[in-house]
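Novice: sequence and predicted structure below; questions after.
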Amino acid sequence: MTRLSHFLGLAALAAVTSAQAAELPAEIKQAGTLKLTVNSTYAPMEYRDPATNELVGLDVDLANELAKRLGGLKIVWSETPFAELIPSLQTKRADFIISGISDRASRRETADFVDYLATGPQFFVMADNAAKDATDLCGKKVGTTRSTSFPVEIEKWSKQNCEAAGKPAIQYVPGENSIDVRNQLKQGRIDAAVQGSETLPYAQSQEPGKYRIVGEAFAKGYQGIMFRKDDVALREVVTEKLAAMISDGAYKAVLDKWGLGANAVEKPMLNAAPQ
Amino acid sequence: MTKPLVAIRSVSKSFGEFQALKAVSLDVWPGEVMCLIGASGSGKTTLLRCINQLAMIDSGGIWLDGELLGVREQGGKLHRLSEREIGRQRLKTGMVFQRFNLFPHKTALENITEGPTQVQGRKLDEVRSEALELLRRVGLAAKADSYPAQLSGGQQQRVAIARALAMKPMLMLFDEPTSALDPELVGEVLAVMKELAKSGMTMMVVTHELGFAREVADRVVYMDQGAIVEQGRASDVLGTPREERTKAFLSAVI
Amino acid sequence: MRPAPALAEGFPDLSGMRIAREPHWFRWISAALIVVVLAAIVRAFANGQIEWSYVSRFLTVKVILEGIVNTMVMAVLAMMLGIVLGIVVAIMRLSPNPVLKTVAAGYTWLFRGTPLILQLLLWFNLALVFPTIGIPGLWSARAVDVMTPFLAALLGLGINQGAYTSEVMRAGMLSVDIGQYEAAQAIGMGRLRALRRIVLPQAMRVVIPPLGNEFIGMVKATSLASVIQYPELLHNAENIYYANSRVIELLIVAGLWYLLVVSILTPLQMLLERRFARGTLRLAR
């Protein structure tokens, strides 16, 4: 072998090994803090406890555990409306986003997702509503938070399952946030609502017996931790720590605490959502 | 014996602590021109405003054309009349104010036709020709379409007189009609008032113009501190006053 | 004719001299500085991370134009409601009847004392309190069917506006000389007719500038109705950026349209003021 190929070979080896031992970016290590921003109106993922006004949730617990394993980093939390999450990441107001945000192809233009929770939009109605199957909702008024990806999902589902079967399309009614949507459901302005399947067990525990889930979560997908496309090092080190949390059971413990054990994933995936 | 057009009996009126009228009694006869003179605060303006109910009396009674003003007697008590009935009673009098109070957003003609068309429900065509005649009578036919801001003080006051006359009142009340005018404009207004007096209109004029009083008034009433001090023929009250206070007032004014 | 007295010595005749123009150095320097600062700001925006192509692309898109129409429709209707309520409440406030006075004062207190956005949310969610509304025996309906985003926005904005307008109208009516009111009464007019024919028309002149201002504020206040799903300009711009994440670009689109509307309304308000001043112009005599 020539000297050059020796050199290339060693360089390649060095690159591979350094990639395997992922390192925290220098600025974060130096600062000792992690800047995270959440849309805190999304129980049980992230919300303010009404009794103590403390920021709590599944994402908060996962983030705290990750921060510990990343070398005892302190998290500096901030809050923002859902539509501002992506801009917050782009402007570096946040180091990464773990805020109940779905991994979607349309969002992968500017970000990469480390998928950590199975999810999917789900229909639900008031307990006394007659609807039994999801197709009973064809032609009815269905509401969801307008700043999410759910309006598009509802339209797609309606085309495939209502209009294709000769039934009238679902009428989409916008809402400002998940609380507003549930209010409209209670008042009868909408016949059914759509929320991420991860939020429904909590809503039901808060108001037992009021709501009833209809059908399965349609359009299965994942919630992902969002990273800037060029932030490969940070993404890889977080993925590593998350994988460790899954294998030693810390991940499952957090999910069970919030009643979402059924939404667990086997391992963290990169940009794995089908949409 | 004919009845007085205005009968004022023991009328008192206070504004808070201040007693403006103290049990004043007075008769005004049809066709009479009465001038009320006195210092400010003597009650003369208040008396006028009680007759057309811009001020409500506290006690006593005022009858206009035999009708009790502002109240109705029932079961030994006096009950206030409704706003509508008071408005109807006001139609019998016309008032000319010191500061003219013409409606600035209406022309001279419109000022005059406003009352008859809006309050009396008369047709505009009919009223307009009458209004033009009134304007001619006060010497302002050419100013029919002028706005008050375009008229001099004397012209405005003459339009105000025409406006009051348009309602065909039986009594004209003048509250210091020339006090706010520049001296050279006083004469034109007094001339209109003289012509009105000659035509037989019953007039009560609160004024400082003693020359006018001497010339035109059938009776002069001198008031001080809410009461009538002296009254009588102009030549008597103004020329040979009997009361000390009257004398003092006149010597201060002349 | 007696000759005028001789003038004292020592005061020359300056009538031949002209007054020199002042150079106003400070004005030139400050103007130049402001131009420099503005140019720097414009340059910063031009070089900033804004994709101006998105701004031009969405500036006249159908959804945005519909939003503007809805904004203007709501602003006009809510303002009309606010003016009608304002006049009624102001008259009640100036009434001799203590019951009317108290009701008027209470209305003003309640609707000026709570934030507009809160009022909008309450109207929109009225069905949580009253699931059905109606007149007993005559008609009833589900509150949600009646309280559409349009109606909730109209009621919220209009009734709120009425509380502010009533104060403006009251000030306007009080500004009319009391002699006007007395002259109207002297020719036999009742209180309400005197208000309608004589006092209010004159109050208009005083009331137009603040009302014009309120209307311009109303155009922008309609953006609050976005949270109750009324499809006005901001709501529609938000829907676009919820889909394509172009937050700043779409906010600029909305902002430009609001600016345009206000820039057209301002000179219109001045024309209106001039019309109501008819009859009160002071002509040179």
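Specialist: All right, it came through fine.

Novice: name the residues that touch stretch B:26-39?
Specialist: Stretch B:26-39 is contacted from outside by B:2, B:4-8, B:44, B:47-48, B:170-171, B:197, B:200-208, B:210, B:212-213, B:216-224, B:228-229, B:231, B:234, B:249, using C-beta atoms under 8 Å, 6 or more residues apart in numbering or on different chains. In short, each C-beta sits where N, CA and C put it, glycine included.

Novice: how deep is the residue in the stretch 1-150 of chain B positioned nearest to chain A tucked in, by neighbour count?
Specialist: Nearest residue of the stretch 1-150 of chain B to chain A: B:Glu83, at 46.7 Å (C-beta to the nearest C-beta). Using other C-beta atoms under 10 Å in any protein chain shown, B:Glu83 has 13 other residues around it.

Novice: returning to that earlier point: list only buried entries from the contacts of stretch B:26-39.
Specialist: Among the contacts of stretch B:26-39, those scoring as buried are B:4-8, B:44, B:47-48, B:171, B:197, B:201-207, B:210, B:212-213, B:216-224, B:228-229, B:231, B:234, B:249 (criterion: 16 or more other C-beta atoms under 10 Å in any protein chain shown).

Novice: please narrow the residues you listed to those residing in helices.
Specialist: Cross-referencing the buried ones among the contacts of stretch B:26-39 against helices under DSSP state H gives B:44, B:47-48, B:197, B:210, B:212-213, B:216, B:234, B:249.

Novice: could you point out the helix or strand that follows the helix or strand bottoming out on mean pLDDT in chain A?
Specialist: Here the helix or strand of chain A ranked lowest by mean pLDDT, DSSP states H and E is helix A:3-20, holding a mean of 56. Per DSSP states H and E, the first helix or strand lying C-terminal to helix A:3-20 is helix A:26-31.

Novice: please name the bridge partners of the nearest residue to B:Ala197 once chain neighbours are set aside.
Specialist: Of all residues not flanking B:Ala197 in the chain, B:Val33 sits nearest, at 4.6 Å (C-beta to C-beta, 6 or more residues apart in numbering or on different chains). Per DSSP bridges, the residues bridged to B:Val33 are B:Met203.

Novice: quick check: B:Val33 vs B:Phe100, distance?
Specialist: Distance of B:Val33 to B:Phe100, computed by C-beta to C-beta, to the nearest Å: 21 Å.

Novice: same check, this time on B:Phe212
Specialist: B:Phe212 sits 18 Å away from B:Phe100, going by C-beta to C-beta.

Novice: so what does the nearest residue in space to A:Gln171 that is not next to it in sequence look like in phi/psi?
Specialist: Of all residues not flanking A:Gln171 in the chain, A:Lys141 sits nearest, at 4.7 Å (C-beta to C-beta, 6+ apart). Backbone geometry at A:Lys141, expressed as degrees, to the nearest 10, gives phi -90, psi 120.

Novice: neighbours of A:Lys141, just the number please.
Specialist: For A:Lys141, using other C-beta under 10 Å, the count is 18.

Novice: my guess is it contacts A:Ala193, does it?
Specialist: No - checked against C-beta atoms under 8 Å, the pair A:Lys141 and A:Ala193 is beyond contact range at 9.7 Å.

Novice: buried stuff in the longest helix that chain C contains?
Specialist: Ranked by number of residues, the top helix in chain C under DSSP H is helix C:62-93. Neighbour counts using 16+ other C-beta under 10 Å place C:64, C:67-68, C:70-72, C:74-75, C:77-79, C:81-83, C:85-93 of helix C:62-93 among the buried residues.

Novice: what is the helix or strand just after that helix packed up against?
Specialist: For helix C:62-93, the succeeding helix or strand toward the C-terminus, using DSSP H and E, is helix C:98-112. Contacts defined by 3 or more C-beta pairs under 8 Å, 6 or more residues apart in numbering or on different chains; DSSP states H and E place helix C:98-112 against helix C:62-93, helix C:149-175.

Novice: contacting residues around the helix or strand following helix C:98-112?
Specialist: With elements assigned by DSSP H and E, the helix or strand that comes after helix C:98-112 is helix C:116-124. The contact list for helix C:116-124, computed with C-beta under 8 Å, 6+ apart, reads C:111, C:147, C:149, C:151-153, C:155-157, C:159-160, C:221, C:224-225, C:227-229.

Novice: list the residues that contact B:Gly43.
Specialist: By C-beta under 8 Å, 6+ apart, the contact list for B:Gly43 reads B:13, B:20-22, B:24, B:223, B:225-227.

Novice: make a markdown table out of the residues you listed and add distance to A:Lys156 and pLDDT.
Specialist: Formatted as a markdown table, these follow (distance: C-beta to C-beta, whole Å; pLDDT from 0 to 100):
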| residue | distance to A:Lys156 | pLDDT |
| --- | --- | --- |
| B:Lys13 | 84 | 95 |
| B:Ala20 | 85 | 94 |
| B:Leu21 | 88 | 95 |
| B:Lys22 | 92 | 95 |
| B:Val24 | 92 | 95 |
| B:Met223 | 93 | 94 |
| B:Gln225 | 93 | 94 |
| B:Gly226 | 90 | 94 |
| B:Ala227 | 95 | 94 |
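
Novice: using the three-state scheme, assign B:Leu26.
Specialist: Here B:Leu26 is strand, with the state taken from DSSP: H, G, I helix; E, B strand; the rest coil.

Novice: residues near it, how many?
Specialist: When neighbours are counted by other C-beta under 10 Å, B:Leu26 comes out with 20.
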